[in-house]
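In: got a sequence here, can you build the structure:
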Amino acid sequence: MERWWQYLTPGPVQLRTGLACLGVGMQRGRLPTVGPRTLDHWVAVVVTGGRGWFEEPDGTRRPVTGPAVLWLRPGVPHHYAPDERGWAESFVDFAGPATAAYAELGLLPEASVVPLTSAEPAQRVVARIAAACRRTGPLTGVDAAAGVHELLVELRRHRADLDPAGAPVLEVLRRDACLPLSVAEHARRAGMSVAELRRAVRSVGAVGPKEYLLGVRLNEAKDLLAASELPVAAVARRVGYADPAYFTRIFTRRVGVAPSVFRAQQYRGDGRLRPVRTEELAAELTGLYGPERGRAQARLATG
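Out: Below is the predicted model of the structure:
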């Protein structure tokens, strides 16, 4: 039996970054049974090879065959072990407020046992986390936490229980995102119902089609605002919005500043961009805030 692990004790500042690594380890062979026990943090146990079982809180015992990941959730009892031949595993303990957002995005699934198409990408990340933990120093916690973010993405990317048909659907949505189409129209173009489109997109994108399309459109709008002097109304049309006021409302709520302000801050075109006048920005913001607050926000933004 081979075993190695190292634990970290992140301070309050490290925890405020959103995600902290609490420990990392690697084991192989005829390992002892774990639990029943309950933890106050998350653990990803990556089973790279071998077989065993995982017992749910209700007593249901699920088979485990590597490659797979066991998700140990805070506050939820768990109990598991390899069979008599043993298995190989790596584990990473982590905590922080960012786990709630990762769960909402689908990167921390509700399922306790999730099969993987391959454990190698996750293993490479775990090895980097382990190397960071061995390099004791002021940046050890930050370095290890960065690896945890990457590990969650790799484990989501290599899930074997997701519909592979979602990837081409996502590519079609990305290609057509800036066409003035509703989600229902996108679904019809793909030969799917809205519910089927939603399931396909969430299986690979961790968000619904509406949110995914919005992200693609806003990213394209930012590129156009930063690189060109197209009027905001023209940018809106380029990314699929016939109503410039509606585009401005959506952009401002999501980005935090109006399109004209974003351009004034980020312009990287070849020409000399003229400053945004207060009255122009006030007109742009009126549809979002109303006349009085729109003028006040415009004065603040333009100095």
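
In: so what strands line up beside the helix or strand hosting residue 24?
Out: Element membership of residue 24 [criterion: DSSP states H and E] is strand 20-29. Paired neighbours of strand 20-29 in the sheet (DSSP bridges): strand 2-7 (antiparallel), strand 78-95 (antiparallel).

In: which one of those has the most crowded surroundings?
Out: strand 78-95 (a mean of 20; mean count of other CB atoms under 10 Å). Every residue, glycine included, has its C-beta placed from N, CA and C.

In: what's the following helix or strand after that strand?
Out: Taking DSSP H and E, what comes next after strand 78-95 is helix 98-104.

In: now that next one - C-alpha only, CSV.
Out: Output in CSV follows, covering the C-alpha atoms of helix 98-104 (Å, rounded to 0.1, in the frame of the first residue of the first chain):
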residue,chain,number,x,y,z
ALA,A,98,-17.1,29.9,-4.3
THR,A,99,-18.3,26.3,-3.9
ALA,A,100,-21.9,27.5,-3.9
ALA,A,101,-21.4,29.1,-7.4
TYR,A,102,-19.6,26.1,-8.7
ALA,A,103,-22.5,23.9,-7.5
GLU,A,104,-25.0,26.2,-9.3
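
In: following the chain onward from it, which element is next?
Out: Following helix 98-104 in sequence order, the next helix or strand is strand 113-115 (DSSP H and E).

In: could you give the average pLDDT over that following strand?
Out: Strand 113-115 shows a mean pLDDT of 97.

In: name the helices or strands packed onto that strand?
Out: Applying 3 or more CB pairs under 8 Å, 6 or more residues apart in numbering; DSSP states H and E, one finds that strand 113-115 makes contact with strand 61-65, strand 68-72.

In: which residues in this structure form helices?
Out: With DSSP state H as the criterion, the chain has helices at 12-16, 98-104, 120-134, 140-157, 166-176, 183-189, 194-205, 209-227, 232-238, 244-255, 259-266, 278-289, 291-302.

In: residue 110: which of the ones you listed is closest?
Out: helix 98-104 (8.2 Å; CB to CB).

In: next, the buried residues of that closest one.
Out: Residues 98, 99, 102 are the ones in helix 98-104 that count as buried (16 or more other CB atoms under 10 Å).

In: got it, and stretch 201-216?
Out: Those would be 201-209, 212-214, 216, for stretch 201-216 by 16+ other CB under 10 Å.

In: end-to-end on it?
Out: Counting by CA to CA, to the nearest Å, you get 14 Å between the two ends of stretch 201-216.

In: now do it: distance to the chain's middle.
Out: 11 Å (CA atoms, centre = their mean, to the nearest Å).

In: now do stretch 16-35
Out: Its chain's average C-alpha position is 22 Å from that of stretch 16-35, according to CA atoms, centre = their mean.

In: and stretch 28-38, by the same measure?
Out: Using CA atoms, centre = their mean, the offset of stretch 28-38 from its chain centre is 30 Å.

In: mean confidence score for it?
Out: 94.

In: in that stretch, what counts as buried?
Out: Of the residues in stretch 28-38, 28, 31, 34 count as buried by neighbour count, 16+ other CB under 10 Å.
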